[in-house]
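>>> Task: produce atomic coordinates for the following.
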Amino acid sequence: MGIASQDAIMQLSALVDEVDEPLKVTFKNIHMGYPSETLVRFLKAREWSIPKAHKMLVDCLNWRIQNHIDIILNKPIIPADLYRKIRDSQLVGMSGYTKDGHPVFAIGVGLSTYDKASVNYYVQSHIQINEYRDRVILPAASKKYGRHIGTCVKVLDMTGLKLSALNQLKLLTIISTVDDLNYPEKTETYYIVNAPYIFSACWKVVKPLLQERTRRKVQVLQGCGRDELLKHQPEQVTKLSSVQVP
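Residues are numbered from 1 along each chain as shown. Next up is the predicted model:
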């Protein structure tokens, strides 16, 4: 990282030091002991513009306070049967680590239905998964590999994808916005596997909804993508896991 980058981090850090105490508290829940690395994420998300990164971060901290994000892991979706239906209808699991230590999330996009509750419940569930990743899985990965690991890899399995999936555009738009504004630069790469012929039509609709920096991270692989995935990941994590993220 160059001198200019280090200077930007120092300047943004000084601005964060001036925010009100409640914002400082929630910032600690974001950085989990790695404040500089967290500032870099927001700087990257705003092309290293310090004023824009500062605004983005402050807006994120206020969003967390207003929506009680710091305690969202202690607020399960109730009743329990509704919670389980929501989890069962969105196929998300952690399947291992890449060779350089990034947690791998396998997501059965094509077979997820997102039809057991309202959009708000699925958004809450998504945020809980994000927080579990950031506060439990990534710190565990950092401990396991002896260095800071703040990002993950996602393998998106399109098996069973149908055009009816476009009915979930509202949910996708909300989730994409939440991630872009409040969880920037948390995913290294999105690997698309088992894409049926209908995927190209769906991708044309979905692609404009994503930020350019997100689109650049998407790689569509041939078939199950095994050969390409094995370049980055041990063989056992190229298979979708049945273990869901809590």
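
>>> and for whichever strand or helix holds Asp59, what are the contacting residues?
For Asp59, the host element (DSSP states H and E) is helix 50-66. Contacts of helix 50-66 from elsewhere in the structure, counted by CB atoms under 8 Å, 6 or more residues apart in numbering, are 8, 11-12, 15-16, 19, 22-23, 26-27, 29-30, 39, 42-43, 45-46, 69-70, 181-182, 184. For glycine as for every other residue, the C-beta is placed from the backbone atoms N, C-alpha and C.

>>> what does stretch 215-222 contact?
Residues lying outside stretch 215-222 but in contact with it, judged by CB under 8 Å, 6+ apart, are 187-193, 195, 199, 203, 207, 210, 228-229.

>>> ok so, going back, quick one: list the elements packing against whichever helix or strand comes after the helix holding Asp59.
Next helix or strand after helix 50-66 toward the C-terminus (DSSP H and E): helix 80-89. Here helix 80-89 touches helix 119-132, going by 3 or more CB pairs under 8 Å, 6 or more residues apart in numbering; DSSP states H and E.

>>> How many neighbouring residues does the closest residue to Lys207 other than its chain neighbours have?
Leaving out its chain neighbours, the residue that sits closest to Lys207 by CB to CB, 6 or more residues apart in numbering is Arg215, at 6.3 Å. Counted with other CB atoms under 10 Å, the neighbours of Arg215 add up to 13.

>>> do the same with His102
His102 has 22 neighbouring residues, counting by other CB under 10 Å.

>>> From here on, call the first residue 203.
Let's use 203 as the start, then, which means that last one is His304.

>>> Buried only: go through the contacts of helix 252-268 for me.
For the contacts of helix 252-268, a neighbour count by 16 or more other CB atoms under 10 Å gives the buried set as 210, 213-214, 217-218, 221, 225, 228-229, 232, 241, 244-245, 247-248, 271-272, 384, 386.

>>> Give the helix, strand or coil label for the closest residue to Tyr236 other than its chain neighbours.
Distance criterion CB to CB, 6+ apart; nearest residue to Tyr236, sequence neighbours excluded, is His350 at 5.3 Å. Here His350 is coil, with the state taken from DSSP: H, G, I helix; E, B strand; the rest coil.

>>> go on, Asp429?
Look at Asp429: counting by three-state DSSP, its state is helix.

>>> what's the answer for Asp381, then?
From three-state DSSP, the assignment for Asp381 is helix.

>>> Pull the contacting residues for it.
Contacts here follow CB under 8 Å, 6+ apart; on that basis Asp381 touches 332, 388.

>>> Relative to Thr353, how far out is it?
Distance of Asp381 to Thr353, computed by CB to CB, to the nearest Å: 13 Å.

>>> Just the pLDDT at the nearest residue to Ile329 once chain neighbours are set aside, thanks.
Spatially, and ignoring its direct neighbours in sequence, Ile329 is nearest to Ile274 (6.0 Å; CB to CB, 6+ apart). In this prediction, Ile274 carries a pLDDT score of 95.

>>> Just give the number of residues close to Ile274.
Burial of Ile274 is recorded as 16 neighbouring residues (other CB under 10 Å).

>>> joint contacts of Asp381 and Thr353?
Applying CB under 8 Å, 6+ apart, one finds that Asp381 and Thr353 are jointly contacted by Lys388.
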